[in-house]
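Chemist: pasting the sequence and the predicted model now:
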Amino acid sequence: MEKDEEKSYDSSDYYGNRVTCRFMRLLKRNFQRCFRRKGESMNEVNELMNEIARKLPDTKEYNQYKNLLDRLRAKPDLYRRVGEFRRRSIGVQLGDRGNAIHANNELQNEFRDLQNNGLVNDFFVAEHQYCRMIRDLQEILLESAQIETGFLEE
């Protein structure tokens, strides 16, 4: 895949991992089935949520993220610097949208040394992939629960 090419939202393209793809399909099917039944108790939903929590550590995304996080924590100075970058990056993302590009550019320049560190880059990629999987889980839940969210797009 080219560097600037948009990634597909299809889990089979994104994850490229049979265990994760099978897990996501099974999860979607189970939640859709569970939410379609009228009068279903929350016990079944809670059981499915607990099953998800038990299976997350089996995914490639989680294991890569956890492994790289542990390696990063073994270097306290680098870990603190990455933490500072992440905190400030979130602040830029949640802050004033009119100044976001300028603020992001300044942040990137200030933390340029992190961009040249292989461990840090690998960690950011793994973190992004793991967070993407969690976001996909949220989308499955929202879609299956049929909660109206169209107002958010206006």
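Modeler: Structure's in. What do you need?

Chemist: just give me the longest helix of this protein.
Modeler: helix 118-145 (DSSP state H).

Chemist: mean confidence for it?
Modeler: Averaging pLDDT along helix 118-145 yields 90.

Chemist: relative to the whole chain's centre, how far out is it?
Modeler: Mean-position distance between helix 118-145 and its chain equals 2 Å (C-alpha atoms, centre = their mean, to the nearest Å).

Chemist: report the buried residues of that helix.
Modeler: Using 16 or more other C-beta atoms under 10 Å as the test for burial, helix 118-145 gives 120, 123-124, 126-127, 129-130, 132-133, 136-137, 140-141, 144. All C-beta spots, glycine's among them, are computed from the backbone N, C-alpha and C.

Chemist: quick test: name the residue nearest the centre of the protein.
Modeler: Residue closest to the average C-alpha location in the chain (C-alpha atoms, centre = their mean): residue 131, at 1.0 Å.

Chemist: give me the below-cutoff pLDDT ranges for the chain.
Modeler: 1-40, 97 (pLDDT under 70).

Chemist: can you map out the helices along it?
Modeler: Along the chain, counting by DSSP H, helices occupy 11-15, 18-36, 42-55, 60-73, 76-94, 100-110, 112-115, 118-145.

Chemist: among the ones you listed, which comes closest to residue 152?
Modeler: Closest to residue 152 of the helices of the chain is helix 118-145 (C-beta to C-beta; 10.5 Å).

Chemist: what angle separates that closest one from helix 76-94?
Modeler: Interaxial angle of helix 118-145 relative to helix 76-94 (axes from the mean of the first three to the mean of the last three C-alpha atoms, to 10 degrees): 40 degrees.
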